[in-house]
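Asks: sequence and computational prediction follow.
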Amino acid sequence: MADGFPIEGYACLFDVADLGRDLVLPGAFAASLARQGAGGVRLLYQHDPAEPIGVWTEAFEDTRGLYVRGRLSPDVVRARECAALIAEGALDGLSIGFKAVEARTDPRTRLRRLSRIDLWEVSIVTFPMQPGARIARPPAAPAALLSAAAARLRAGSRI
């Protein structure tokens, strides 16, 4: 499968506090995305820099948050595993890896409001820090991908 397994969804929602008490403001990704584009943002598995699993082809802000589109690489074992789990609905979280460039913590609420972020990566994760950051409508896994995975399992190898 030369094109890979397509994925897309919201990696971050604006004005929604995450489980770590961070709240991202609209426009926070603008400078980072203008500088590096989607190609400069890594697609990782569980934030592990040793586990790149594909490429992001689009990353943009809209009124709701940071939306990403990309594809899992068919020649990467972990990407094929992710594709199968996404297709089954067992894996659907997205999470951002970043450096805060401009942020202010409200002493009363203890919320850190992020107004400028240097975006490094967007990962597919089991449990996102922002529960609403999810892969959109998981696409059906292409038959060729599932057939290849089934053949590998029958042969006794990892997917």
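Replies: Yep, that arrived.
Asks: what secondary structure does the residue nearest to residue 20 when sequence neighbours are not counted sit in?
Replies: In this structure, residue 20 finds its nearest non-sequential neighbour in residue 129, 5.5 Å apart by CB to CB, 6 or more residues apart in numbering. Bear in mind the C-beta positions are built from the backbone N, C-alpha and C, glycine included. What DSSP: H, G, I helix; E, B strand; the rest coil gives for residue 129 is coil.
Asks: try residue 80
Replies: Classified using three-state DSSP, residue 80 is helix.
Asks: burial check on it, number of neighbours?
Replies: Each residue near residue 80 was counted by other CB atoms under 10 Å, and the total is 25.
Asks: residue ranges with poor pLDDT in the protein?
Replies: 1-2, 137-159 (pLDDT under 70).
Asks: 50 - rerun?
Replies: 1 (pLDDT under 50).
Asks: returning to that earlier point: my guess is the residue nearest to residue 20 meets residue 97, correct?
Replies: No: at 10.5 Å, residue 129 does not count as touching residue 97 under the criterion of CB atoms under 8 Å.
Asks: state the number of residues packed around residue 30.
Replies: 13.
Asks: quick one: contacts for it?
Replies: residue 61 (CB atoms under 8 Å, 6 or more residues apart in numbering).
Asks: from here on, count from 16
Replies: That works, and once the first residue is 16, the last one we named lands at residue 45.
Asks: separation between it and residue 119?
Replies: 18 Å (CB to CB, to the nearest Å).
Asks: find the nearest non-adjacent residue to residue 18, please.
Replies: residue 86 (6.5 Å).
Asks: give me the element the one you found is part of.
Replies: strand 80-87 (DSSP states H and E).
Asks: give me every residue that touches residue 134.
Replies: 44, 47-48, 51, 56, 74, 81, 111-113.
Asks: the residue lying closest to residue 108 once chain neighbours are set aside - how many residues pack around it?
Replies: In space, not counting the residues next to it along the chain, residue 108 is nearest to residue 143; the distance is 3.8 Å by CB to CB, 6+ apart. Neighbourhood size, residue 143 [other CB under 10 Å]: 21.
Asks: please report phi then psi for residue 143.
Replies: phi -70, psi 150 (degrees, to the nearest 10).
Asks: how close does it get to residue 133?
Replies: Distance from residue 143 to residue 133, by CB to CB: 20 Å.
Asks: try residue 40
Replies: On the measure of CB to CB, residue 40 and residue 133 end up 15 Å apart.
Asks: what of residue 44?
Replies: Counting by CB to CB - residue 44 and residue 133 are separated by 9 Å.
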